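K.L.:
Dropping the sequence and predicted coords here.
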Amino acid sequence: VEKAYNSVVLVQNYQNSTLIGTGSGFVYKQDKNYTYIITNHHVIEKGTKYNVVNYNNETSEAKLLGSDEYLDLAVLRIAINTNMPPLTVADMTKLKTGDQVMVIGSPVGDEYYNTVTNGIISGLNRLVEVSVKSDSEDWVMEVIQTNAAVNPGNSGGPMFNAKGELIGVISMKLVDSTIEGMGFAIPIDYALSHIDVLEKGQKIDRPLMGITMTNTNTNAWTLRQYGITLDANIDYGVVVIEVQKDSGASKSNLTKGDVLTELNGQKIKNMAYLKYLLY
């Protein structure tokens, strides 16, 4: 905790002059002029101005360099502060279920700034369906599961091992009256593999198939409106509603009513999984 504590910040998201949300972040890089901070995209979303508050209760105005909603990652930059060293990254190949982990962040806002919680790695390579651009699940995140306490405001904070080495970026938790202790972190090696693009403010290029689609569990009446009827034994996959003109799909033999069930040997459970596998 002592090794990581000074590198964690509270992120304040303002829309004009109104504070609309807070989250956490941490230092991953420094150069001779700037300190660079990782947080979540959903922490900075809809903001027009950002501040970060460090361990010493010093507030700095931050510049948003770039973010991506599917990665749920964002990069902020502040004037260099040598008292906030970049966190050391762990050897991710050595992670095991049951490893001790700790989380630092600011749950519920600045009143509980830099709260420390601990637990274990409850699971590796978990696939969790989330909503990014719609009200229903339309994306799948591959994450590390932990039972360390995670609450609103922890988003964007670091999860690290017993050596104080960084292993993940806290992103979300499952919330239900019947669920307890299921938090998730984006693996840091995956996050850092995209960070150069976000630092440059560039968009991440992703492929476009060129189909309008829906899930196989869509109401049968709705499918009939498109002139599509599915066999009763089809219980997973993605239904092609329309092939867009001059798209990649238009150069294939895909047609309305086809059901996509597999991509490169991996099962397509629904639209979220198709997008995940394609991207």
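P.N.:
Done, it's in. Numbering: from 1, shown residues only.

K.L.:
Tell me, how many residues neighbour Gly123?
P.N.:
Other residues within reach of Gly123, judged by other Cβ atoms under 10 Å, total 14. C-beta here means a position set from N, CA and C on the backbone, and glycine is covered the same way.

K.L.:
Can you read off the pLDDT for it?
P.N.:
At Gly123, the pLDDT value in this model is 96.

K.L.:
Ok, Ile170 next?
P.N.:
Value for Ile170, per-residue pLDDT: 97.

K.L.:
Just the element for it, please.
P.N.:
Per DSSP states H and E: Ile170 is located in strand 166-173.

K.L.:
Show me what that strand is packed against.
P.N.:
Secondary-structure packing of strand 166-173 (3 or more Cβ pairs under 8 Å, 6 or more residues apart in numbering; DSSP states H and E): strand 18-30, strand 100-105, strand 139-146, strand 158-161, strand 183-187, helix 188-192.

K.L.:
tell me the centre residue of the protein?
P.N.:
By Cα atoms, centre = their mean, the mean C-alpha position of the chain lies nearest to Asp72, the distance being 3.2 Å.

K.L.:
just to revisit the earlier point, can you tell me which of the helices and strands packed on strand 166-173 is most buried?
P.N.:
Most buried of the helices and strands packed on strand 166-173, by mean neighbour count (mean count of other Cβ atoms under 10 Å): strand 158-161, with a mean of 26.

K.L.:
Now do it: which elements does it pack against?
P.N.:
For strand 158-161, the packing partners by 3+ Cβ pairs under 8 Å, 6+ apart come out as strand 100-105, strand 166-173.

K.L.:
Provide the strand pairings for that strand, with the direction of each partner.
P.N.:
strand 100-105 (antiparallel), strand 166-173 (antiparallel) (DSSP bridges).

K.L.:
ok so, going back, select, out of the helices and strands packed on strand 158-161, the one closest to Ile195.
P.N.:
strand 166-173 (10.6 Å; Cβ to Cβ).

K.L.:
between that closest one and strand 139-146, how many degrees?
P.N.:
Between strand 166-173 and strand 139-146, the angle comes out at 120 degrees (axes from the mean of the first three to the mean of the last three Cα atoms, to 10 degrees).

K.L.:
would you put the C-alpha positions of strand 166-173 in CSV?
P.N.:
This file holds the C-alpha atoms of strand 166-173, laid out as CSV (Å, rounded to 0.1, in the frame of the first residue of the first chain):
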residue,chain,number,x,y,z
LEU,A,166,-0.1,-3.0,-10.8
ILE,A,167,-2.3,-5.8,-12.3
GLY,A,168,-5.6,-4.1,-13.3
VAL,A,169,-7.8,-1.0,-13.6
ILE,A,170,-11.0,-1.3,-11.6
SER,A,171,-14.0,-0.9,-14.0
MET,A,172,-17.2,-2.3,-12.5
LYS,A,173,-19.0,-4.6,-10.1
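
K.L.:
oh, and call the first residue 869 from now on, that's how I've got it
P.N.:
Noted, 869 is the first residue going forward, which turns the last one into strand 1034-1041.

K.L.:
quick one: that strand to strand 886-898, angle?
P.N.:
160 degrees.

K.L.:
Give me the buried positions along strand 1034-1041.
P.N.:
Neighbour counts over strand 1034-1041 (16 or more other Cβ atoms under 10 Å) mark Leu1034, Ile1035, Gly1036, Val1037, Ile1038, Ser1039, Met1040, Lys1041 as buried.

K.L.:
Which residue comes closest to the first one once chain neighbours are left out?
P.N.:
When you say that, I think you mean Leu1034. Leaving aside its sequence neighbours, Leu1034 sits nearest to Leu955 (Cβ to Cβ, 6 or more residues apart in numbering; 4.2 Å).

K.L.:
Sweet, I'm off.
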